[in-house]
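Trainee: no letters, just coordinates:
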């Protein structure tokens, strides 16, 4: 991953002002009234511009007025990135618009938010820690398991929904060759960090505490950073109608429709800089028989699901981001 690419990701991270539609009906994550008690503290990630966008309970970006050169202007409401805030209640999910199969257009994605008081909500992707612990954001609905791999509950939940923010007692460490998942801790891409995992029935899990675990493969972000999968396969969900490409990246007659799911196992990049294009190989195809699908601009990969708009999305979403 190039320095330019990582810088682009950091610059665009978490400053979207897209509106959302409605709060998802999740009984274990309902929003309480203003009397809800303060839970603890969240620390926000540092951003390029030093600020973090504020939203209301409907997921709409809020604004304020400021005087600029003696004139009143409407500007986005923000808080300082890297700072800590008390939070209230549990994180909530706010549902975004869905893909329109008729127009092949991408819309805003669902996201989780944290209430920091005074009717202010922060996207969970801005959170780097909660109550001093590392935080995870799920990329898939996740069942909860015990150390023996049996389903169990955690804080009254048997399933944690996709996009939800949860704390983990797992500690960070410098990535080793044995780590399947990692994130980048600096813009140069030279520093990779992983969370400690627990192996259960041959698969890596992240701890939630009190003997509860979730599949590491169900996690999309750690401390607000995109989580990458070093190797293996993952599932691509098609967002725009695209043709399967042959091993020379030429279009075939095979068409993938919106909503179709395809297993992929490797990446391929062509071009350099602003012209770099990213492709994924369909799992089980190799050599002269290799087949690919076109994701999009390589520089935008890794921030596609960190934005709530379609500005940085490719032709498909991935359950896990394969390292490229």
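Mentor: Looks like it arrived, so ask away. Quantities reported herein were computed from a predicted structural model and do not represent experimental measurements.

Trainee: contact partners for the residue nearest to residue 47 when sequence neighbours are not counted?
Mentor: Counting by CB to CB, 6 or more residues apart in numbering, the nearest residue to residue 47 once its immediate chain neighbours are dropped is residue 81, at 4.1 Å. Using the backbone N, CA and C atoms, a C-beta is placed for each residue, glycine as well. Under the criterion of CB atoms under 8 Å, 6 or more residues apart in numbering, the contact partners of residue 81 comprise 44, 45, 46, 47, 49, 50, 51, 52, 126.

Trainee: for residue 166, same thing?
Mentor: 135, 136, 137, 138, 160, 208, 214.

Trainee: ok so the third one is a strand residue?
Mentor: Yes. Remark: residue 137 belongs to a strand, assigned using DSSP: H, G, I helix; E, B strand; the rest coil.

Trainee: run a quick neighbour tally on it.
Mentor: Using other CB atoms under 10 Å as the criterion, residue 137 is surrounded by 27 other residues.

Trainee: and the gap between it and residue 292?
Mentor: According to CB to CB, to the nearest Å, residue 137 and residue 292 sit 29 Å apart.

Trainee: and if you look at the second one?
Mentor: Between residue 136 and residue 292 the distance is 31 Å, computed by CB to CB.

Trainee: who has more neighbours, those two?
Mentor: The residue with the greater number of neighbours, taking residue 136 and residue 292 and applying other CB under 10 Å, is residue 136; the counts read 27 against 23.

Trainee: how about the nearest residue to the more buried one, chain neighbours excluded?
Mentor: With CB to CB, 6+ apart as the criterion, residue 136 has its nearest non-adjacent residue at 4.8 Å, and that residue is residue 219.

Trainee: what are the phi and psi values at the one you found?
Mentor: With angles defined as degrees, to the nearest 10, residue 219 sits at phi -110, psi 130.

Trainee: low-confidence ranges in the stretch 101-250 of the chain?
Mentor: Applying pLDDT under 70 to the stretch 101-250 of the chain picks out residues 101-109, 187.

Trainee: how does it look with 90?
Mentor: The stretch 101-250 of the chain contains residues with pLDDT under 90 at 101-110, 139-140, 185-190, 239-240.

Trainee: touching, residue 233 and residue 265? I think so.
Mentor: Yes. Using CB atoms under 8 Å, residue 233 makes contact with residue 265 at a distance of 4.5 Å.
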